[in-house]
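Novice: Fold the following.
(one chain, ligands or ions: 1)
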Amino acid sequence: MVDLAVSRAGHPWHDRSVLPAGRRRVRCNRPQEAPMTAPLLEILDYSGAFRAVNGELKPVLHEVGYRIMPGTITAVVGETGSGKSLTALSILGLLPATFVRLSGEIRFKGRNILDLDASASRRLRGEQISMVFQDARAALNPVFTIGRQLADTHQLHHGGSRRAAMAQAVEALRRVHIPEPERRARQYPHEFSGGMAQRAMIALAALICQPELLIMDEPTTGLDVTTQAEIMALIVDLARTRGLTVCLITHDLGVVVETCDAVVVMNAGRVVETGTTEQIFTAPREQYTRRLLAASQLGEEEAV
Ligand SMILES: Nc1ncnc2c1ncn2[C@@H]1O[C@H](COP(=O)(O)OP(=O)(O)OP(=O)(O)O)[C@@H](O)[C@H]1O
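Specialist: From the prediction side, this is the model:
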């Protein structure tokens with residue numbers, strides 16, 4: 001397994017014209033850090049299946065294994081149905097009832113989180129790992145204002161007065177560049193645009209919850225290119241200024257080459273290849289990866 005600990009400095013692909021026309025490159029420019037040793041998250045030989053109505057097991061994840069090093073942005077890429085989301089949902093314990101774990105471990109800071117009791121698991125997932133889903137408006141509660149949702153979560157995690165929690169909510173909206181945050185805090189999710197709702201979700205998941213690991217499942221899908229770039233710039237900024245570790249599930253290899261430190265390539269429930277973004281985009285080892293890059297017209301030109 002490749003350690004996804006990387007330095008961003010001097011990636012040769014930074015100088016290559018691999019971005020589609022009109023794309024803005026968002027760079028982390030994180031200073032070179034001391035070598036990191038322990039992964040924040042480690043998935044080991046994780047296999048799982050869905051139980052059909054007739055009781056049969058249909059395997060969907062096959063000995064999945066990858067590591068995410070602290071402070072990095074790691075992309076998980078692969079075609080639809082390759083197991084990216086199921087693996088992420090396994091980290092959060094949000095799997096459908098019909099999913100059966102067949103083997104493996106998911107270690108967070110060295111501890112297997114699949115064996116925690118329900119309350120320890122809830123605490124860990126609320127406080128140290130949080131997730132941003134693709135459709136932020138659907139993930140937010142439609143009957144409460146955005147400010148109230150952020151303030152409630154702030155109080156739940158950090159206690160304190162209602163007034164202080166609301167001030168933190170407004171500040172979090174400001175930090176994610178929502179204009180007029182005081183006024184916006186009094187609005188409901190349906191009054192937010194898709195991009196603004198995604199920012200509010202990031203404010204909630206990253207700034208209010210203050211997790212160590214933020215999992216983002218297609219956070220920019222459905223947004224226009226400019227909003228996508230702004231959202232990714234925000235995530236990169238949070239990773240750089242707060243040491244946030246990000247696992248980014250995406251189909252958009254343009255976003256990956258612009259923003260990520262490391263890449264996990266999945267296909268048909270298996271990890272095909274892992275490496276630094278530079279390795280994956282300039283010297284992919286596996287044919288599947290080369291095909292994926294060729295299909296997106298990024299990285300190696302070779303069409304396989
Ligand atoms: N609730 C479910 N019941 C049965 N099979 C499921 C269920 N959810 C997912 N699967 C199957 O598990 C496999 C992995 O799905 P998963 O959602 O992890 O893929 P993905 O890589 O995230 O795809 P996408 O990019 O389309 O989101 C697929 O074959 C999918 O059909």
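Novice: CA atoms for contacts and neighbours, from now on please.
Specialist: Will do.
Novice: Could you identify the helix or strand that succeeds the host helix or strand of Thr153?
Specialist: Assigned by DSSP states H and E, Thr153 belongs to helix 146-158. The element immediately downstream of helix 146-158 (helix or strand, assigned by DSSP H and E) is helix 162-175.
Novice: all strands of the stretch 51-200 of the chain, in order?
Specialist: 57-68, 73-77, 99-108, 111-112, 129-132 (DSSP state E, counting those that start in this stretch).
Novice: any idea which of these is most buried?
Specialist: strand 73-77 (a mean of 28; mean count of other CA atoms under 10 Å).
Novice: What is it packed up against?
Specialist: Secondary-structure packing of strand 73-77 (3 or more CA pairs under 8 Å, 6 or more residues apart in numbering; DSSP states H and E): strand 245-249, helix 253-259, strand 262-267.
Novice: Lowest mean pLDDT across these, which one is that?
Specialist: When those are compared by mean pLDDT, helix 253-259 comes last with a mean of 91.
Novice: if we compare the strands of the stretch 51-200 of the chain, which one ends up closest to Arg175?
Specialist: strand 129-132 (16.7 Å; CA to CA).
Novice: want to try JSON lines for the helices and strands packed on strand 73-77, with distance to the ligand and mean neighbour count as columns?
Specialist: Shown next, in JSON lines, are those (distance: least, CA to the nearest ligand atom, whole Å; neighbours: other CA atoms under 10 Å):
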{"stretch": "strand 245-249", "distance to the ligand": "8", "mean neighbour count": "26"}
{"stretch": "helix 253-259", "distance to the ligand": "13", "mean neighbour count": "23"}
{"stretch": "strand 262-267", "distance to the ligand": "8", "mean neighbour count": "25"}
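Novice: In TSV: those, plus distance to Asp152.
Specialist: Shown next, in TSV, are those (distance: least, CA to CA, whole Å):
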stretch	distance to Asp152
strand 245-249	24
helix 253-259	32
strand 262-267	34
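Novice: Next up, phi/psi of the residue of the stretch 101-250 of the chain found nearest the ligand, please.
Specialist: Going by CA to the nearest ligand atom, the ligand is nearest to Thr250 of the stretch 101-250 of the chain, at 7.3 Å. In this entry, Thr250 is assigned phi and psi values of phi -150, psi 160 (degrees, to the nearest 10).
Novice: Columns distance to Val236 and mean pLDDT on top of the strands of the stretch 51-200 of the chain, output as a markdown table?
Specialist: A markdown table is the format used below for the strands of the stretch 51-200 of the chain (distance: least, CA to CA, whole Å; pLDDT from 0 to 100):
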| stretch | distance to Val236 | mean pLDDT |
| --- | --- | --- |
| strand 57-68 | 16 | 97 |
| strand 73-77 | 8 | 97 |
| strand 99-108 | 22 | 96 |
| strand 111-112 | 27 | 94 |
| strand 129-132 | 15 | 92 |
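Novice: May I see these organised as TSV, with distance to the ligand added?
Specialist: Below are the strands of the stretch 51-200 of the chain laid out as TSV (distance: least, CA to the nearest ligand atom, whole Å):
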stretch	distance to the ligand
strand 57-68	5
strand 73-77	8
strand 99-108	7
strand 111-112	21
strand 129-132	14
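Novice: closest to Asn267 out of those strands?
Specialist: strand 73-77 (8.6 Å).
Novice: ok now do the residue of the stretch 101-250 of the chain closest to the ligand, which residues does it touch?
Specialist: Ala75, Val76, Val77, Asp217, Glu218, Pro219, Val256 (CA atoms under 8 Å, 6 or more residues apart in numbering).
Novice: and with 7 Å instead?
Specialist: Applying CA atoms under 7 Å, 6 or more residues apart in numbering, one finds that Thr250 lies in contact with Ala75, Val76, Val77, Asp217, Glu218.
Novice: and the last one, what pLDDT?
Specialist: Going back to what we said before, that points to Glu218. For Glu218, pLDDT reads 90.
Novice: That one: neighbour count?
Specialist: Counted with other CA atoms under 10 Å, the neighbours of Glu218 add up to 17.
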